[in-house]
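A.B. asks: Starting from these lines, generate the structure:
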Amino acid sequence: QVQLVESGGGLVQAGGSLRLSCAASGRTFSRNAMGWFRQAPGKEREFVAAISRSGGSTYYADSVKGRFTISRDTAKNTVYLQMNSLKPEDTAVYYCAAHYPGGNSYYTREREYAYWGQGTQVTVSS
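C.D. replies: A predicted model of the protein is given here:
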């Protein structure tokens, strides 16, 4: 069982930066690939970024590539999402998710994730 708690959301002006954190409980964190998803008002939840168990492989949605960076610190049981050059269209609730234990890749589909955080709001003003 993995419990996830996101933090770091808030209100920022366009062009600004935020860093989201996702703290994971449980001793199996190193066995889980991790991902970030987001859901804007009136839209379906969408994939943002993913990282493999080792941290050696990452993958990004085209809409955030070059602006967002996902990373993980196994010693701290935490995964991060550094968001730069934020745009109003990045406004959404951001969710952290943990893949089922095992696997050697990153994952981009919601159904591939077993555990979800409660979400943190990110609002980008123009």
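
A.B. asks: Please name the bridge partners of the most centrally placed residue in the chain.
C.D. replies: Nearest to the geometric centre of the chain sits residue 36, at 2.3 Å (C-alpha atoms, centre = their mean). Beta-bridge partners of residue 36, counted by DSSP bridges, are residue 49, residue 96.

A.B. asks: Hmm, it is touching residue 71, no?
C.D. replies: No - Residue 36 lies out of contact with residue 71 (C-beta atoms under 8 Å); the separation is 11.0 Å. Placement of C-beta: from N, CA and C, glycine included.

A.B. asks: Need the overlap of contacts for those two.
C.D. replies: Residues touching both residue 36 and residue 71 (C-beta atoms under 8 Å, 6 or more residues apart in numbering) are residue 79.

A.B. asks: Let me know the pLDDT of residue 41.
C.D. replies: pLDDT, residue 41: 93.

A.B. asks: Next one: it relative to residue 100, how far apart?
C.D. replies: Computed as C-beta to C-beta, to the nearest Å, the residue 41 to residue 100 distance reads 30 Å.

A.B. asks: Comparing the two, which residue is more hemmed in?
C.D. replies: Counted by other C-beta atoms under 10 Å, residue 41 and residue 100 do not tie: residue 100 has more neighbours, with 14 against 7.
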